[in-house]
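Colleague: Can you look at this prediction? I've put the sequence above it.
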Amino acid sequence: MWLPLHTVCLRGHAVCRRSFVVAFLRCSGHRDANVSHFSHSAGRCAQTCQALIYRNYGDPSRVVQLGKVDLPPVGAKDVLVKMLAAPVNPSDINMIQGTYAILPDVPAVGGNEGVAQVIEVGSHVKSLKTGDWVIPRDAGLGTWRTEAVFAEDDVISLPNDIPLLSAATLGVNPCTAFRMLSDFEALKPGDSVIQNAANSGVGQAVIQIAAARGINTINVIRDRPEFTQLSDRLKAMGATYVIREEDLRRPEMKEMFKTCSKPKLALNGVGGKSATELLRHLQFGGSLVTYGGMSKQPVTVPVSALIFKDVKVKGFWVTQWKRVHSHDGKLFRGMLDELCSLIQQGKLTAPACTEVGLQDYHKALDAAMQPFTSSKQVLIM
Ligand SMILES: NC(=O)c1ccc[n+]([C@@H]2O[C@H](COP(=O)([O-])OP(=O)(O)OC[C@H]3O[C@@H](n4cnc5c(N)ncnc54)[C@H](OP(=O)(O)O)[C@@H]3O)[C@@H](O)[C@H]2O)c1
């Protein structure tokens, strides 16, 4: 489908911190490597790509459309890439709905994560070559497209011998899991971590990275008819215990803590009652780290947890971490190398995924917004 004549800049997610740059680029005629235009019949014969575009914030199944966008020429410090696969994450959905912490200028191309293959490099590109696999360094590139021209500095390479789905889903959830398991408590083998939304992409990465480090995980999921199958799947990944939300209040929890240490760290992707229940089981002085709010309910911290258990209540956002550490590429590189090494050793697999062709994006968006699917939708270009 061709979109109608249009002259407005179309970028991936032009996030707030860069909006003044965008304004400058628009006024000065400079080209931002991430800025392209709606394809139009007049003017130069542009190379185009297909992309999932939204012109307004709103319900993703209504506002997202498959269209064509122009690709800008490849500048000296740019790379032309062919997108291979890109997941649909909750934050992508929230961005399109207009409810996320950072929002693009619209019209925008959806998607913040994915893996691409470099097919052309600019004359001054040093760190990348044709054939390399790359992922975004930051949110906001607009990855739901067939090709793109990105600045060399906007992407980072990955080994191209890891599974495609692992590469496509590496930059957000496993990085979040890795940081949360590393930066809040000094965890050693035999220690325990408790988490809700344990079947989420983040949760599955937490289970596997923790297992590789000899750390026990107590994994909380919502009850469902196929609880046993899901529990078995998570245990096969390395989960020590898998329990239902309701079990958190049961006296049997005491039995569990006879064989497993009380958790030093609780990871909360849900909020509401679920978060409060996690807190009850933390060790004295332990940390509750909130990274998501799938229930859309606030986190309530009992006074007793603060006074008598001295718990630390923190938040984590991987986008902020990447931005804070963008000057020190070695930390990000080191984390990706460690994660890729786990993948190569078979210790970290991609989350359960459903592969969907770009043309069938409606199916992927609809499924991504359904509860109890236990499968990450990944667009295959
Ligand atoms: N802060 C960060 O840096 C960061 C990074 C990555 C992700 N996140 C956030 O982490 C969360 C999970 O992301 P993901 O990509 O791992 O998700 P995902 O793979 O799409 O999984 C979604 C998870 O949320 C659960 N869920 C959905 N609705 C729920 C509800 N009403 N109450 C309780 N649980 C519910 C699902 O459980 P069911 O199977 O029971 O439906 C599933 O476990 C999202 O909020 C995302 O934005 C944050």
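Modeller: Nice, I can see it.
Colleague: what's near enough to touch Ala352?
Modeller: Gln204, Arg233, Ser374, Ser375, Lys376 (C-beta atoms under 8 Å, 6 or more residues apart in numbering). For glycine as for every other residue, the C-beta is placed from the backbone atoms N, C-alpha and C.
Colleague: Contact residues of the stretch 101-250 of the chain facing the ligand?
Modeller: Val172, Asn173, Thr176, Ala197, Asn199, Ser200, Gly201, Val202, Arg222 (C-beta under 6 Å from any ligand atom).
Colleague: Turn those residues into CSV, including pLDDT.
Modeller: Listed next are those as CSV, based on pLDDT from 0 to 100:
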residue, pLDDT
Val172, 98
Asn173, 98
Thr176, 98
Ala197, 98
Asn199, 97
Ser200, 97
Gly201, 97
Val202, 98
Arg222, 98
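Colleague: ok, and the most crowded of the contacts of Ala352?
Modeller: Neighbour counts for these, by other C-beta atoms under 10 Å, peak at Gln204, which reaches 29 neighbours.
Colleague: what separates it from Val63, distance-wise?
Modeller: For Gln204, the distance to Val63 (C-beta to C-beta, to the nearest Å) stands at 29 Å.
Colleague: And for His362?
Modeller: 12 Å.
Colleague: okay, these two: which has more neighbours?
Modeller: Val63 (19 against 14).
Colleague: Can you tell me the closest non-neighbouring residue to that one?
Modeller: Tyr54 (4.5 Å; C-beta to C-beta, 6 or more residues apart in numbering).
Colleague: go on, Ser200?
Modeller: Here the residue nearest Ser200, using C-beta to C-beta, 6+ apart, is Gly269, at 5.8 Å.
Colleague: ok, back up a step: closest to Tyr241 among the contacts of Ala352?
Modeller: Of all these, Arg233 has the smallest distance to Tyr241: 14.1 Å, by C-beta to C-beta.
Colleague: What separation do you get for Lys133 and the ligand?
Modeller: No Lys there; residue 133 is Trp. 21 Å (C-beta to the nearest ligand atom, to the nearest Å).
Colleague: Check the burial of that residue by counting its neighbours.
Modeller: Neighbours of Trp133 under the rule other C-beta under 10 Å: 22.
Colleague: any idea of the pLDDT on Phe38?
Modeller: The model reports Phe38 with a pLDDT of 44.
Colleague: Sorry, wrong one. I was asking about Ser326.
Modeller: pLDDT, read off for Ser326, is 87.
Colleague: mind checking the SS state of it?
Modeller: Judged by DSSP: H, G, I helix; E, B strand; the rest coil, the three-state class of Ser326 is coil.
Colleague: Next, the contact list for the closest residue to Met369 other than its chain neighbours, please.
Modeller: Closest residue to Met369 apart from its sequence neighbours, by C-beta to C-beta, 6+ apart: Ile93 at 6.2 Å. Ile93 makes contact with Pro60, Leu365, Ala368, Met369, according to C-beta under 8 Å, 6+ apart.
Colleague: how close does the last one get to the ligand?
Modeller: Taking C-beta to the nearest ligand atom as the criterion, Met369 is separated from the ligand by 9 Å.
Colleague: Now do the contacts for that residue.
Modeller: Pro60, Ser61, Ile93.
Colleague: Report pLDDT for the residue in the stretch 1-150 of the chain that the ligand sits nearest to.
Modeller: Residue nearest to the ligand within the stretch 1-150 of the chain (C-beta to the nearest ligand atom): Pro90, separated by 3.9 Å. The per-residue pLDDT reported for Pro90 equals 97.
Colleague: so who does the residue of the stretch 201-350 of the chain found nearest the ligand touch?
Modeller: Closest to the ligand within the stretch 201-350 of the chain is Gly292: 2.7 Å, counting by C-beta to the nearest ligand atom. Gly292 sits next to Pro90, Ala197, Ser200, Val202, Asn268, Gly269, Val270, Gly271 when contact means C-beta under 8 Å, 6+ apart.
Colleague: Based on its surroundings, how many neighbours for the second one?
Modeller: Per other C-beta under 10 Å, the neighbour tally for Ala197 reads 24.
Colleague: Skipping its backbone neighbours, what lies nearest it in space?
Modeller: Ala197 sits nearest to Gly269 (C-beta to C-beta, 6+ apart), 3.8 Å away.
Colleague: give me every residue that touches that neighbour.
Modeller: Residues in contact with Gly269, defined by C-beta under 8 Å, 6+ apart, are Gln195, Asn196, Ala197, Ser200, Val202, Gly203, Thr290, Tyr291, Gly292, Gly293, Met294.
Colleague: My guess is the third one contacts Asn219. True?
Modeller: No - the pair Ala197 and Asn219 does not pass the contact test of C-beta atoms under 8 Å, sitting 9.2 Å apart.
Colleague: list the residues that contact both of those two?
Modeller: Counting by C-beta under 8 Å, 6+ apart, the shared contacts of Ala197 and Asn219 are Gly203.
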